[in-house]
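> Predicted model follows, preceded by the sequence.
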Amino acid sequence: MMRARWCVVALGLVTALPALAQDKPLWEFGLGAGSLRVPDYRGSADGTTYVAPIPYLIYRGRLLQVDREGVHGDIFRGERVKLDWSAAAGIPAKSRTGGARAGMPDLDATLEIGPSLEIRLHRDELKQREWSLRLPLRAVAATDLRHSQGAGWVFAPNLHLDAKRLGAGWEGSLAFGPMYATEAYHDYYYEVAPGFATATRPAYDAKRGYSGSRATLTLTRRLDGYWGGGFARYDTLSGASFADSPLVQKKESFMVGVGVAWVFAQSGTRVNAP
């Protein structure tokens, strides 16, 4: 999904159960700065580095949560199984002169939203580490805020390790797994319509199916009124159903981002939260 975990700096952690609940503020807010290096799209040889102010926002509501895994909310929570909804965003990309998409329409920002089933596989209470299987299914829309269009569906099952005690106050997570998507999603990024075909860029119609695999590592630390964090993501398109598209220039890509924030405001209302 972005591809990019950006502006809220992250995508939210909700694997804890009531036994690990703590008394925390309903919301926390801060401001900081972040840097993100991201390819124009998965398979692109071009990329952009963003450096910008970022908000730090935590919200621990019952139906809505905002945290280091993004925006999401519980639909059902059991002892080992949880169903929630989640949202993510992808960064827009210009069609660069001389690039693979030269002369083609720009790629708009994307919004993804949908349900996710989470199954807890193993928990180590002493080390505060937990393995889970996550099965997110999201509908995708592309928009420039003036108009929007549907861009298919994405299914990204993954194994997720959440580690709350890495030492020196650090927490982290590791997720890895395959991706699958509909033809509409693949067409948005990898189709070459006949009107945009050239001598070096033949017409291409993407197919649905396997979208490659990815692994994502995150690290965060909270110290007094300050927060710091970062993430790295590795993507491979080897074997993807669109791997032979003329718009795929690289089968492997990396994304990295870091951020720091000063947390200066919080709610007086307290809630029991992970």
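Nice, thanks for sending it over. The shown structure was predicted, so the numbers you read here are calculated from the model rather than taken from an experiment.
> in this structure, what spans have low per-residue confidence?
Scanning the chain for pLDDT under 70 picks out the ranges 1-22, 274.
> Extract the C-alpha set from the helix or strand Leu137 falls within and format it as PDB.
Using DSSP states H and E, the element containing Leu137 is strand 129-143. As requested, the backbone C-alpha atoms of strand 129-143 are provided in PDB (Å, rounded to 0.1, in the frame of the first residue of the first chain):
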ATOM      1  CA  ARG A 129       6.000 -11.100  21.900                       C
ATOM      2  CA  GLU A 130       3.200 -12.400  19.800                       C
ATOM      3  CA  TRP A 131       2.800 -14.200  16.500                       C
ATOM      4  CA  SER A 132      -0.400 -13.800  14.500                       C
ATOM      5  CA  LEU A 133      -1.900 -14.500  11.100                       C
ATOM      6  CA  ARG A 134      -3.500 -11.500   9.500                       C
ATOM      7  CA  LEU A 135      -5.900 -11.700   6.600                       C
ATOM      8  CA  PRO A 136      -6.700  -8.100   5.300                       C
ATOM      9  CA  LEU A 137      -8.900  -7.600   2.300                       C
ATOM     10  CA  ARG A 138      -9.200  -4.000   1.100                       C
ATOM     11  CA  ALA A 139     -11.100  -2.100  -1.600                       C
ATOM     12  CA  VAL A 140      -8.900   0.500  -3.300                       C
ATOM     13  CA  ALA A 141      -9.800   3.900  -4.700                       C
ATOM     14  CA  ALA A 142      -7.600   6.300  -6.500                       C
ATOM     15  CA  THR A 143      -8.200  10.000  -6.100                       C
END
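> Please identify the pairing partners of that strand and their relative orientation?
strand 109-124 (antiparallel), strand 148-155 (antiparallel), strand 158-167 (antiparallel) (DSSP bridges).
> starting at the chain centroid, how far to that strand?
How far strand 129-143 lies from its chain's middle: 8 Å, per C-alpha atoms, centre = their mean, to the nearest Å.
> Can you list the buried residues in that strand?
129-132, 134, 136, 138-140, 142 (16 or more other C-beta atoms under 10 Å). In this view, the C-beta of every residue, glycine as well, is placed from N, C-alpha and C.
> Could you dump the strands paired with strand 129-143 into TSV and include distance to Leu217 and mean neighbour count?
Formatted as TSV, these follow (distance: least, C-beta to C-beta, whole Å; neighbours: other C-beta atoms under 10 Å):
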stretch	distance to Leu217	mean neighbour count
strand 109-124	19	17
strand 148-155	21	17
strand 158-167	10	16
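> Indicate which one of those is closest to Gly239.
strand 148-155 (16.2 Å; C-beta to C-beta).
> contacts for the closest one?
1, 108, 110, 112, 114, 135-143, 179-188, 211 (C-beta atoms under 8 Å, 6 or more residues apart in numbering).
> Dump it to CSV, restricted to CA.
This file holds the C-alpha atoms of strand 148-155, laid out as CSV (Å, rounded to 0.1, in the frame of the first residue of the first chain):
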residue,chain,number,x,y,z
SER,A,148,-12.0,9.4,-7.8
GLN,A,149,-12.2,6.0,-9.4
GLY,A,150,-12.3,2.4,-8.1
ALA,A,151,-9.0,0.6,-8.4
GLY,A,152,-10.0,-3.0,-7.5
TRP,A,153,-9.2,-5.1,-4.4
VAL,A,154,-6.1,-6.2,-2.6
PHE,A,155,-5.7,-9.3,-0.4
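> Show me where this structure has its helices.
Using DSSP state H, the helices of the chain run over 183-190.
> Name the residue most distant from the centre of it?
Seen from the C-alpha centroid of the chain, the residue lying at the greatest distance (C-alpha atoms, centre = their mean) is Ala199, 35.6 Å away.
> That's all I had, so thanks and see you.
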